[in-house]
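In: fold the following.
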Amino acid sequence: MNWIVNKKTMFGVALLFATSFSVNAAKYSFKVANADPDSKVILTWRATGEKDTVNIINGEGIIEKKDFKAQYVIFAFGRSSRMMYLEPDKDLTISFNANEFNKDVVFQGANAGINTYLNTSRFKRQNFQDAQKDEKAFINHADSIYHVNMTFLQNTPSLPAYFVKIESQRLKYLSYSQFPLYPSFRKYLLKTDSLVVNEIYYDKLKELSEVNGALLDCPEYKDFILNSILGQMLKNGKAADYQQQFIDYVSANVKDEAVLEYIVDSYIYNQVSNNGIDNADKYISFYHQTVKNPLQINRFNKLCMQWEKLKKGSISPTFSCLDINGNRVSLSDLKGKLVYIDVWATWCGPCRGELPHLKKLEETFAEKEIAFVSISCDKDKKAWEKMVKSRNMKGIQLHIGDDRSFMDAYLIKGIPRFILLDQEGRIVEADAMRPSNPKISELFNELLSK
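Out: Modelled structure (predicted):
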């Protein structure tokens, strides 16, 4: 695939971001009516992910910020959030009612016009259901969303020219945010694994996919380009050696070093975070060949060290929980059996989707030395008890309560999560196949035959 790079645009955006740095401080004042005594405003600087907390005392809070690039910032109050654009040397006062944060926010200061625009606009976005459209209709709909957003920007008076250029880039990737996900969304909506996407879709995706490191200050671009590269890589299917497929593809098609480093850091970090370091040697080697940022390297190395304790053959972290009958069960009680653990919750749709498959496995291996352990992380214990009893769920049903030590030890960030241990309590797979995967039965039989 050939990526389109507009040199004129690249230079212009690079200049805009490069010249926005200042050593001078800007002061941001928050005036909050009806604020609770312990109220806080949280600022998340989108270019870096850095967070600042502003304590609201007697209805007011102030923060001074220096040495930063002009950028979009998310400011959150309670469970709601809004977006601002903050610049060095430009003070801003933000006023709102704590009880009506979702209604009116008033900006006063040097770039009040920019922030009023950001907070009074109703930007259009693509959504999941748009993938029901065929390729031509999907493209036309995405183009129309972009047109509406750009029209609103262009018709907003008194916005500085430099901001309009930057905002135009953000709106482009905001408008087309779901575009790279069209094939996977469409497969899901049509309930099919065999789907041939018309080339007009990939032609449009290629047109949108500008590989330009100067755009990495825009989070919308970062999300878009990562999904776009992965989507085009999988255009002809997933190779048997998926790690090598990823390495070969990005090496051949992402020539901008900054974008390549971002893609490799984001994708491989996520893969190791979710799946561990077993069989990840190619990923890890390629990561260290590509990523040069010391902070990112240290972050990745720390993650790998955490997963080192969960490698195949390591002694498993233990648990000690109450079962559905109020009896305490520990991992040591199950020595001598294979242990297949399901970490789940009643509110988790994918977890519930695995229950019929888990039940079938339990029935198939009922006479074998396998302990099927379900550990609920429900905060609502009564909801867990009700489901276990109403569905007559078998196996060892445990409730972890407020003790998250087992989940933390296994670096569990999403459920369901399945774990397979051998008869000595050693890890076979820290992120095991789900019951719905037919190959899990083959693995059980293989381990039982040893």
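In: what is Gly109 paired to in the beta sheet?
Out: Per DSSP bridges, the residues bridged to Gly109 are Leu92.
In: can you pull the contacts of it?
Out: Residues in contact with Gly109, defined by C-beta atoms under 8 Å, 6 or more residues apart in numbering, are Lys90, Asp91, Leu92, Thr93. C-beta here means a position set from N, CA and C on the backbone, and glycine is covered the same way.
In: who wins on neighbours among those?
Out: Highest neighbour count within the contacts of Gly109: Leu92, with 21 neighbours (other C-beta atoms under 10 Å).
In: quick check, pLDDT for that one.
Out: We have a pLDDT of 94 for Leu92.
In: OK, contacts around it?
Out: Shown in contact with Leu92 (C-beta under 8 Å, 6+ apart): Ala26, Tyr28, Ser29, Met84, Leu86, Phe107, Gln108, Gly109, Ala110, Asn111, Ala112, Asn115.
In: again with Ala280
Out: So Ala280 contacts Gln243, Gln271, Val272 (C-beta under 8 Å, 6+ apart).
In: between those, which is closest to Ile63?
Out: Val272 (35.1 Å; C-beta to C-beta).
In: if we can go back for a sec, from the contacts of Ala280, which is closest to His399?
Out: Checking the contacts of Ala280 against His399 by C-beta to C-beta gives Val272 as the nearest, at 30.0 Å.
In: what's the burial count for the closest one?
Out: 20.
In: helix or strand: which one has Ser374?
Out: Per DSSP states H and E, Ser374 falls inside strand 370-376.
In: what do you get for Arg170?
Out: If you go by DSSP H and E, Arg170 is part of helix 161-175.
In: could you pull out the helices for the stretch 251-400 of the chain?
Out: For the stretch 251-400 of the chain, the helices defined by DSSP state H, counting those that start in this stretch occupy 257-275, 281-290, 294-308, 349-364, 381-390.
In: please identify the deepest-packed of these.
Out: helix 257-275 (a mean of 18; mean count of other C-beta atoms under 10 Å).
In: for the protein, what helix or strand is lowest in average pLDDT?
Out: Least confident element among the helices and strands of the chain, by mean pLDDT, DSSP states H and E: helix 7-18 (a mean of 36).
In: need the contacts of Leu92 in TSV (columns: secondary structure and distance to Pro435).
Out: Below are those laid out as TSV (DSSP: H, G, I helix; E, B strand; the rest coil; distance: C-beta to C-beta, whole Å):
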residue	secondary structure	distance to Pro435
Ala26	strand	55
Tyr28	strand	51
Ser29	strand	55
Met84	strand	47
Leu86	strand	49
Phe107	strand	53
Gln108	strand	58
Gly109	strand	57
Ala110	coil	59
Asn111	coil	55
Ala112	helix	56
Asn115	helix	50
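In: just curious, which of the contacts of Gly109 is nearest to Phe185?
Out: Distances from Phe185 to the contacts of Gly109, taken by C-beta to C-beta, are shortest for Leu92, at 38.5 Å.
In: what's opposite Tyr72 in the beta bridge?
Out: Bridge pairing for Tyr72 - DSSP bridges - gives Tyr85.
In: give me every residue that touches it.
Out: Contacts of Tyr72 by C-beta under 8 Å, 6+ apart are Arg46, Ala47, Met83, Met84, Tyr85, Arg170, Cys218, Pro219.
In: what's the neighbour count on the fourth one?
Out: In terms of burial, Met84 registers 21 neighbours under the definition other C-beta under 10 Å.
In: and what of the third one?
Out: Met83 has 16 neighbours, counted by other C-beta under 10 Å.
In: where's it relative to Gln71, distance?
Out: Distance of Met83 to Gln71, given as C-beta to C-beta, to the nearest Å: 11 Å.
In: can you check the last one too?
Out: Noted for Pro219: a distance of 10 Å to Gln71, by C-beta to C-beta.
In: who touches both of these two?
Out: Common neighbours of Pro219 and Gln71, counting by C-beta under 8 Å, 6+ apart, are Arg46, Ala47.
In: what residue in this structure is the furthest from its centre?
Out: Within the chain, the residue lying farthest from the chain centre (C-alpha atoms, centre = their mean) is Glu367, at 41.0 Å.
In: related to what we said a few turns ago, I'd like the helices of the stretch 251-400 of the chain as a markdown table, with mean pLDDT and distance to Asn55 appended.
Out: As requested, the helices of the stretch 251-400 of the chain are arranged in a markdown table below (pLDDT from 0 to 100; distance: least, C-beta to C-beta, whole Å):
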| stretch | mean pLDDT | distance to Asn55 |
| --- | --- | --- |
| helix 257-275 | 95 | 32 |
| helix 281-290 | 97 | 39 |
| helix 294-308 | 95 | 28 |
| helix 349-364 | 94 | 38 |
| helix 381-390 | 94 | 35 |
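In: let me have these in TSV, extended by distance to Leu195.
Out: Output for the helices of the stretch 251-400 of the chain, formatted as TSV (distance: least, C-beta to C-beta, whole Å):
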stretch	distance to Leu195
helix 257-275	23
helix 281-290	28
helix 294-308	34
helix 349-364	21
helix 381-390	35
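In: nearest to Phe319, of those?
Out: Closest approach to Phe319 among the helices of the stretch 251-400 of the chain (C-beta to C-beta): helix 381-390, 15.6 Å.
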